[in-house]
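What would the 3D arrangement of this be:
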Amino acid sequence: MEFLQQHNLLGLVIGISTFLIIGLFHPIVIKGEYYFGTRCWWAFLLLGIICGVLTIMVENVLFSALLGVTAFSSFWSILEIFEQQERVRKGWFPKNPKRKYPFDN
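Numbers count the residues shown, from 1 in each chain. Below is the predicted model:
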């Protein structure tokens, strides 16, 4: 950690990690909607709350920032899971043939 601060790399590491965390949530949302539908939104809420609380408890700036990014990426994923269902309805993503969708007749 001292190395990162000493060489002014902390912001760069936080930025790259933020990019990777947000990028990781995209396929998680897609797979979550595919296998569980929108009923998995509560898992994102729970993860967001846990990471939010841990953000306050952790003293290390790097880990606190990454927990905060994870928390709010989880909260954003709640909206995305419902939007993903709409994308499936429009045919932009495949339906899971083993699941019944609310928009199927």
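
When you work out contacts or count neighbours from here on, use the C-alpha atoms and nothing else.
Noted.

So Ser73: helix, strand or coil?
With DSSP: H, G, I helix; E, B strand; the rest coil as the basis, Ser73 sits in helix.

how far away is the nearest residue to it once chain neighbours are set aside from Asp104?
Spatially, and ignoring its direct neighbours in sequence, Ser73 is nearest to Ile22 (6.3 Å; C-alpha to C-alpha, 6 or more residues apart in numbering). Going from Ile22 to Asp104 by C-alpha to C-alpha, to the nearest Å gives 31 Å.

neighbour-wise, which of the two wins?
A count of neighbours by other C-alpha atoms under 10 Å puts Ile22 above the other of Ile22 and Asp104, at 17 against 6.

doesn't Phe75 make contact with the more buried one?
No. The pair Ile22 / Phe75 is not scored as a contact, 11.5 Å apart, by C-alpha atoms under 8 Å.

Burial check on Lys100, number of neighbours?
The number of residues packed near Lys100 is 11, by other C-alpha under 10 Å.

That one sits in which helix or strand?
Under the criterion DSSP states H and E, no helix or strand holds Lys100.

Show the pLDDT at it.
If you check Lys100, the pLDDT there is 89.

Next up, identify which helix or strand the residue lying closest to Ile21 once chain neighbours are set aside is on.
Residue nearest to Ile21 in three dimensions, not counting chain neighbours: Thr70, with 6.6 Å by C-alpha to C-alpha, 6+ apart. If you go by DSSP H and E, Thr70 is part of helix 61-89.

Tell me the buried residues in stretch 71-90?
By neighbour count on 16 or more other C-alpha atoms under 10 Å, the buried set for stretch 71-90 is 71-78, 80-82, 84-85, 88-89.

Nearest to Gly52, out of those: which one, please.
Ala71 (5.4 Å; C-alpha to C-alpha).

which residue sits closest to the closest one, ignoring its sequence neighbours?
Gly48 (3.9 Å).

Check which helix or strand that neighbour maps to.
helix 41-57.
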